[in-house]
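Peer 1: Make a model of this:
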Amino acid sequence: AYTFTPANAVGTVTWSSADQTIVKPEGYWAIGQVYTYKYTPLKVGTTTMTANLGSSSPFGPIDVPYGNGQSTTPSITSKQKVEVTVVQPVTDILINPSLNLHECNVGDNLGLYLKAITTVKPDNATNKAVKWSVVRGDQDAVTINSDGSAKAVKSGTVYLQVASVSNPEVTNIIGVRVHN
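Peer 2: Residues are numbered from 1 along each chain as shown. Model (predicted):
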């Protein structure tokens, strides 16, 4: 939502996109109330959006989107340009094959194994980076860094979680049983 000030401002704001194959603006609105502006992201990429104040506007400050949904309150005279980046978020992290428990031996390097069995979806996700952590079990059985480098160091069972860096709500878990 965007707030126009002063509250009694009049006029219109229209938006344009430098590349309408990335973002297509939809419509315009009258200044004087709080509005939610719609635009349609069409593909991954970056383009410049321009807010054009209509000729009857008071040329006052308005809140405009900036970057990836954040906002700022610049002082706008007749135009304001903002860069908009459309990203493809991570929607799933698959562990293939679907193992409930991976068996290994003390001294085994698990990092390469974890990277080999992990698939980030969709294939065109903008940021496929993941981080690993121990979530339960014998936390001393495996040493693991957030980048996925891991080593089995003593017998026990531990559960490791992989999470998307860009969308931390997307996770998966694998159990690891370490034998002497």
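Peer 1: Tally up the residues packed near residue 51, please.
Peer 2: 22 (other CB atoms under 10 Å). Glycine gets a C-beta too; all of them are placed from N, C-alpha and C.
Peer 1: Could you list every helix and strand in contact with the helix or strand that it is a member of?
Peer 2: Per DSSP states H and E: residue 51 is located in strand 45-53. Here strand 45-53 touches strand 12-17, strand 23-26, strand 79-86, going by 3 or more CB pairs under 8 Å, 6 or more residues apart in numbering; DSSP states H and E.
Peer 1: Pull up the pairing partners for that strand, direction included.
Peer 2: Strands that pair with strand 45-53, judged by DSSP bridges, come out as strand 12-17 (antiparallel), strand 79-86 (antiparallel).
Peer 1: Please point out the stretch among those strands with the lowest average pLDDT.
Peer 2: With a mean of 73, strand 12-17 has the lowest mean pLDDT of the strands paired with strand 45-53.
Peer 1: hang on, isn't residue 176 packed against residue 102?
Peer 2: Yes: under the criterion of CB atoms under 8 Å, residue 176 makes contact with residue 102 at 4.9 Å.
Peer 1: Name all residues that sit in contact with the two at the same time.
Peer 2: residue 110 (CB atoms under 8 Å, 6 or more residues apart in numbering).
Peer 1: quick one: residue 115 is in a strand?
Peer 2: No: membership of residue 115 in a strand is not supported by DSSP: H, G, I helix; E, B strand; the rest coil, which gives helix.
Peer 1: How about the contacts made by it?
Peer 2: residue 148.
Peer 1: Now do it against residue 130, distance only.
Peer 2: 9 Å (CB to CB, to the nearest Å).
Peer 1: again with residue 124
Peer 2: From residue 124 to residue 130 the distance is 16 Å (CB to CB).
Peer 1: Which one of the two is surrounded by more residues?
Peer 2: Using other CB under 10 Å as the criterion, residue 124 and residue 130 rank with residue 130 on top: 23 against 9.
Peer 1: quick one: the helices in the protein?
Peer 2: Taking DSSP state H, the helices of the chain run over residues 111-117.
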